[in-house]
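1. sequence and predicted model, in that order:
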Amino acid sequence: MKAYVLNKIGDLSYENVPVPELRKDWALIKVKAAGICSSDIPRIYERGTYHFPTIPGHEFAGEVVKVNGEKYNDIVGKRVAVFPLIPCGKCKQCKNKLYEMCENYDYIGSRRNGAFAEYVEVPVWNLIELGDNIPYEAAALMEPLSVALHAIRKADISNDSSIAIIGTGTIAIAISQILNALGYSQIGIIARNSNKKSLISRFGNVEYIIENESNTYMFDAVFECVGSEEAIEQALKYAGTGAQIILVGNPYGNINLSQNLYWKILRKQLTVKGTWNSTYDGQNESDWTTVRSMLKNNKINTRDMITQKYHQEDLIEALNVMKNHIETYCKVMTFWNEE
C-alpha cells in the first residue's frame, strides 16, 4: 500500500509499505478521508513521534475491509470513524471508564502508524459506525469536534453565560459551532487580526473581537484554544470576576506567568480547568456519540470548516499550507477517493 512515512524529523516520504497484519479483535480500515491536525505540523517538522519510522495521521474515517475475529464479521463493509486513543484497559482510569485519561495509552498516528496511508489497523472497540448519511469528510472531523464538545462539558455554564474563545483554529471554531447548536448565544471569538473574520461569519451568531489593549470585555467563561503564553494572558484578561478558564490548546513550549497575571487568578477568584481529548466508550454514550448525532442532524457546518481539500498523494502540499500559512484555513482535509 502507499503511505506517507516519517523517517525522521522533517523527512516525510511517500512509500510502498506492507498492508498491516491484523491481531485478534482488530480491523483493517480503508482510509477515505483524513484531516491534518495542527499538532501534525510540529510532530512532522519539529519534534518527531515516539519512534521512527511512523505513519502520522489521527483524524480519519473509512471503510472496514477486514477483521480478525469471526464475531465481528458483520462490520465488514461498514462506514466508520475512529477514536484514535487506544487505552491499556488495566490502569485505574480505564477501570473507571475514563479512557481519555489512560495512564499507559497507545495512539494512532503518533505512537503507532496512522491514517496518512491507504489502510490502517485499529481495534474494533475504537470504531464508531456512521450509518449512511454522514460523509467521510465530515466523519474525519469527529475527533476535533469531540475534543471541542469535551471542553464545553468541562465548563459550568448556562445558556445566559457570556463566553469567549481565544483563537481561530479548528477547535475554537468547533467550540463556537457546538455552543450555538446547544443554544448559547453570547459567544465571542477573540483573534489577533481580521484574517478569519469572513470565515467565522459562516458559523452562526458569533462576535468577532480583534484583540487590543483597549478592549474591556469580560466573560463568564473563557476557552483558551491556542496553547501559547500570550493566549493564556488574554484568557486572564477577558475572564470576569469569578469566571472559569478552560485550557484547551496544546502548549507550544513552556508557559510562564508574571506576578501580575498570577494575581489576577487569585483576586478574581478564577477557576482554571484543563481538558484533553474526549470521552469514548465503544458504541456507548460519549462525546463521540453526541457528535455523531449532531452530524446526522446537520447541527454542525462541516462543509465550511473544510477549507482546503487535497488528494492523499499531495499531502506535502497540504501540510505546507498550514506550516507556512500560505492560505487562510480552518481544516485541511485529504482524501483517497471522494464520495
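-> Perfect, thanks for sending it. Residues are numbered from 1 along each chain as shown.

2. flag the shaky bits of the stretch 101-250 of the chain, pLDDT-wise.
-> The stretch 101-250 of the chain contains no residues with pLDDT under 70.

3. please enumerate the strands of it.
-> Along the stretch 101-250 of the chain, counting by DSSP state E, counting those that start in this stretch, strands occupy 106-107, 119-123, 127-129, 162-166, 186-191, 207-210, 219-224, 239-247.

4. looking at those strands, which is closest to Ala148?
-> In terms of Cβ to Cβ, the element of the strands of the stretch 101-250 of the chain nearest to Ala148 is strand 219-224, at 8.8 Å. Using the backbone N, CA and C atoms, a C-beta is placed for each residue, glycine as well.

5. got the strands of the stretch 101-250 of the chain as TSV, with mean neighbour count columns?
-> Shown next, in TSV, are the strands of the stretch 101-250 of the chain (neighbours: other Cβ atoms under 10 Å):
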stretch	mean neighbour count
strand 106-107	16
strand 119-123	22
strand 127-129	18
strand 162-166	27
strand 186-191	22
strand 207-210	14
strand 219-224	26
strand 239-247	20
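
6. among those, which is nearest Asn68?
-> Smallest distance to Asn68 across those (Cβ to Cβ): 9.1 Å, for strand 119-123.

7. ok, longest strand in this structure?
-> strand 26-36 (DSSP state E).

8. what angle do that strand and strand 119-123 make?
-> Counting by axes from the mean of the first three to the mean of the last three Cα atoms, to 10 degrees, strand 26-36 lies at 120 degrees to strand 119-123.

9. and strand 26-36, how far out from the chain's middle?
-> On the basis of Cα atoms, centre = their mean, to the nearest Å, strand 26-36 sits 16 Å off its chain's mean C-alpha point.

10. just checking, what packs against it?
-> In this structure, strand 26-36 packs against strand 59-67, strand 119-123, helix 136-139, helix 315-323, strand 331-335, with contacts taken as 3 or more Cβ pairs under 8 Å, 6 or more residues apart in numbering; DSSP states H and E.

11. and it with strand 59-67, angle?
-> 160 degrees.

12. tell me the angle of strand 26-36 relative to strand 331-335?
-> 130 degrees.

13. can you list the buried residues in strand 26-36?
-> Trp26, Ala27, Leu28, Ile29, Lys30, Val31, Lys32, Ala33, Ala34, Gly35, Ile36 (16 or more other Cβ atoms under 10 Å).

14. what residue in this protein is the furthest from its centre?
-> Arg267 (33.1 Å; Cα atoms, centre = their mean).

15. mind pulling up the pLDDT for that one?
-> Note on Arg267: pLDDT of 96.

16. nearest spatial neighbour of the most centrally placed residue in the chain, skipping sequence neighbours?
-> Taking Cα atoms, centre = their mean, the centroid of the chain lies closest to Pro144, which sits 2.4 Å from it. Excluding its sequence neighbours, the residue lying closest to Pro144 (Cβ to Cβ, 6 or more residues apart in numbering) is Thr170, at 5.0 Å.

17. how much space between the one you found and Asn16?
-> The gap separating Thr170 from Asn16 is 31 Å, by Cβ to Cβ, to the nearest Å.

18. identify the residues contacting Ile41.
-> If you count contacts by Cβ atoms under 8 Å, 6 or more residues apart in numbering, Ile41 has them with Leu319, Met322, Lys323.

19. quick check: it vs Ala191, distance?
-> Using Cβ to Cβ, one obtains 19 Å as the distance from Ile41 to Ala191.

20. do the same with Asn277
-> Separation of Asn277 from Ala191 (Cβ to Cβ): 25 Å.

21. what does Ala34 give?
-> Ala34 is 27 Å from Ala191, by Cβ to Cβ.

22. hey, where'd the helices end up in the protein?
-> Ranges of helices within the chain are 40-42, 92-95, 136-139, 142-154, 170-181, 197-200, 229-238, 259-267, 287-296, 302-305, 315-323, based on DSSP state H.

23. save the ones you listed as TSV, and put in distance to Arg79 too.
-> As requested, the helices of the chain are exported to TSV (distance: least, Cβ to Cβ, whole Å):
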stretch	distance to Arg79
helix 40-42	24
helix 92-95	28
helix 136-139	7
helix 142-154	12
helix 170-181	21
helix 197-200	28
helix 229-238	37
helix 259-267	46
helix 287-296	11
helix 302-305	15
helix 315-323	22
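
24. for the ones you listed, which one sits closest to Thr216?
-> helix 229-238 (9.6 Å).

25. outside of the closest one, which residues touch it?
-> Applying Cβ under 8 Å, 6+ apart, the external contacts of helix 229-238 come out as 164, 166-167, 190, 211, 215, 217-219, 222, 224-225, 245, 247, 249, 255-257, 261, 264-265, 270.

26. same thing but at 7 Å, please
-> The set of residues external to helix 229-238 that reach it, using Cβ atoms under 7 Å, 6 or more residues apart in numbering, is 164, 166-167, 190, 211, 217-219, 222, 224, 245, 249, 255-256, 261, 264-265.

27. can you check stretch 131-138 too?
-> Lys32, Ala33, Ala61, Gly62, Leu295, Lys296, Thr302, Ile306, Met333, Phe335, Glu339.

28. stretch 206-223 too?
-> The contact list for stretch 206-223, computed with Cβ under 7 Å, 6+ apart, reads 151, 155, 157, 161-166, 175-176, 187-194, 197, 200, 234-235, 238-240, 243-246, 248.
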